[in-house]
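Chemist: Quick one, fold the following:
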Amino acid sequence: MTTYFNLKNQALILSFAALFIVACGDDKPKDDTTENVDVEQKDTKSPQLLELDGKVFSIPSPIQTAFLIKNSGVTYNKDILNVPSKVTGYSTNFKKAVNLGIYGADLGYVTLYDQTQDAISFLTAVKTLGDDLGVSSAFDMELVERFEKNIGNQDSVLSLVSEAYKSSDKYLKNNDQNHIGALVLAGGWVESLYFTTNSAEMTSNKEIINRVGEQKNTVNNLIKLLTPYYDEPEFSTLVDDLMELNEIFEKVEIVYTYVEPTVDVENKTTTVNSTTSVNISADVLKQITEKVAKIRAELIS
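Modeler: Okay, here's the model as predicted:
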């Protein structure tokens, strides 16, 4: 019988893998001997750098957003999540892929809040869509067991998540499915922004509101990521919606101040010292909240 601890670990792997599923366009071999240098962040908002068809995109992780919301004292709210039972109604690859991203974000959220029963439901939904899209090979029990044994070692955990990602990535590459990866990423981002706008509206927490404003650049990146597939079924509506959302985000002012990072050679760490300030009015925040809710409603319908 699967214990909750095992389930929680499996849920985390699945949610991370679902959100790192974007296939890289660069097929050049990587140097496995390259040494990784740890990077210490002063906060949890540093974005992921993802490569697709030779282009690099900066996308914040929904897991980072869930951490921020929980650490801000926001209580668990099941009502903001997609309903797991709706998974059987997603018949097109577009809906399956985008909702794999959405359910992945939901799964990460419920797991961070230690919601056992809900985690089981979302785990099932993610596995169902992963199977349908052919990427379930990333989610084997051996990986879960290794994750459990290394739970206290952050580097090992990230390495295991990377393995799950590479398995999904390989499938998508070999089957010319980059557009599926782009949709998973978009779905996870929309869902996490939906979490954030709801939390901002409920708490008026400055850090959460700033996180909303920081998505200004991400909208542009997602539009660039999805535009090549504009003529694919169902893509045009999502791209058009994101372009309308981008017009609202243009009213947000972001000021980035570069400060040279601090490097600790002995401990192989780099501390990022740069800062970002966000100016977003209450009216603009309301417009973003309403538009994101509309986009999300269309994606999960």
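
Chemist: Longest helix of the chain, counting residues only.
Modeler: Across the chain, the helix with the greatest residue count (assigned by DSSP state H) is helix 178-203.

Chemist: And the next helix or strand after that one, what does it pack against?
Modeler: As assigned by DSSP states H and E, the chain's next helix or strand after helix 178-203 is helix 206-213. The contact analysis (3 or more C-beta pairs under 8 Å, 6 or more residues apart in numbering; DSSP states H and E) places helix 206-213 against helix 62-71, helix 178-203, strand 275-279, helix 282-300. In this view, the C-beta of every residue, glycine as well, is placed from N, C-alpha and C.

Chemist: List the buried residues in the very next helix or strand once past helix 206-213.
Modeler: Scanning forward in sequence from helix 206-213 by DSSP H and E, the next helix or strand is helix 216-226. Across helix 216-226, burial judged by 16 or more other C-beta atoms under 10 Å covers 216-223, 225-226.

Chemist: Can you tell me which of the residues you listed is closest to residue 271?
Modeler: Residue 271 has its nearest neighbour among those in residue 217, at 22.5 Å by C-beta to C-beta.

Chemist: And that closest one, how close does it get to residue 256?
Modeler: 10 Å (C-beta to C-beta, to the nearest Å).

Chemist: If we ignore the residues flanking it in sequence, what's nearest residue 76?
Modeler: Nearest non-adjacent residue to residue 76, counting by C-beta to C-beta, 6 or more residues apart in numbering: residue 113, 4.3 Å away.

Chemist: Torsion angles phi and psi at the one you found?
Modeler: Main-chain torsions, residue 113, degrees, to the nearest 10: phi -90, psi 10.

Chemist: for the stretch 51-200 of the chain, what spans make up the helices?
Modeler: Ranges of helices within the stretch 51-200 of the chain are 62-71, 93-112, 116-133, 141-149, 154-174, 178-203, based on DSSP state H, counting those that start in this stretch.

Chemist: I'd like those as CSV, with mean neighbour count appended.
Modeler: Formatted as CSV, these follow (neighbours: other C-beta atoms under 10 Å):
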stretch, mean neighbour count
helix 62-71, 22
helix 93-112, 27
helix 116-133, 20
helix 141-149, 15
helix 154-174, 17
helix 178-203, 25
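
Chemist: What I need now is those written out in TSV, including mean pLDDT for each item.
Modeler: Below are the helices of the stretch 51-200 of the chain laid out as TSV (pLDDT from 0 to 100):
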stretch	mean pLDDT
helix 62-71	79
helix 93-112	88
helix 116-133	84
helix 141-149	64
helix 154-174	58
helix 178-203	89
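
Chemist: so how far is residue 86 from the nearest residue to residue 88 once chain neighbours are set aside?
Modeler: Computed as C-beta to C-beta, 6+ apart, the closest residue to residue 88 that is not its neighbour in sequence is residue 128, at 7.8 Å. Using C-beta to C-beta, residue 128 is found at 11 Å from residue 86.

Chemist: Next, the contact list for residue 291, please.
Modeler: Going by C-beta atoms under 8 Å, 6 or more residues apart in numbering, residue 291 touches 241, 244-245, 248.

Chemist: For residue 132, state which of those residues is nearest.
Modeler: Using C-beta to C-beta, residue 241 comes nearest to residue 132 of the contacts of residue 291, at 24.2 Å.

Chemist: helix, strand or coil for the closest one?
Modeler: Residue 241 carries the three-state label helix when classified by DSSP: H, G, I helix; E, B strand; the rest coil.

Chemist: cool, the one 10 residues further on as well?
Modeler: When classified by three-state DSSP, residue 251 comes out as coil.

Chemist: hang on, it packs against residue 281?
Modeler: Yes. If you go by C-beta atoms under 8 Å, residue 251 and residue 281 touch, sitting 7.4 Å apart.

Chemist: Look at those two and report which has more neighbours.
Modeler: Neighbour count, other C-beta atoms under 10 Å: between residue 251 and residue 281, residue 251 has more, with 16 against 12.

Chemist: Excluding sequence neighbours, find me the nearest residue to the more buried one.
Modeler: residue 284 (4.7 Å).

Chemist: what's the burial count for the one you found?
Modeler: 18.

Chemist: May I ask you to confirm that it is in contact with residue 248?
Modeler: Yes. Because the distance of 6.5 Å satisfies C-beta under 8 Å, residue 284 is recorded as touching residue 248.
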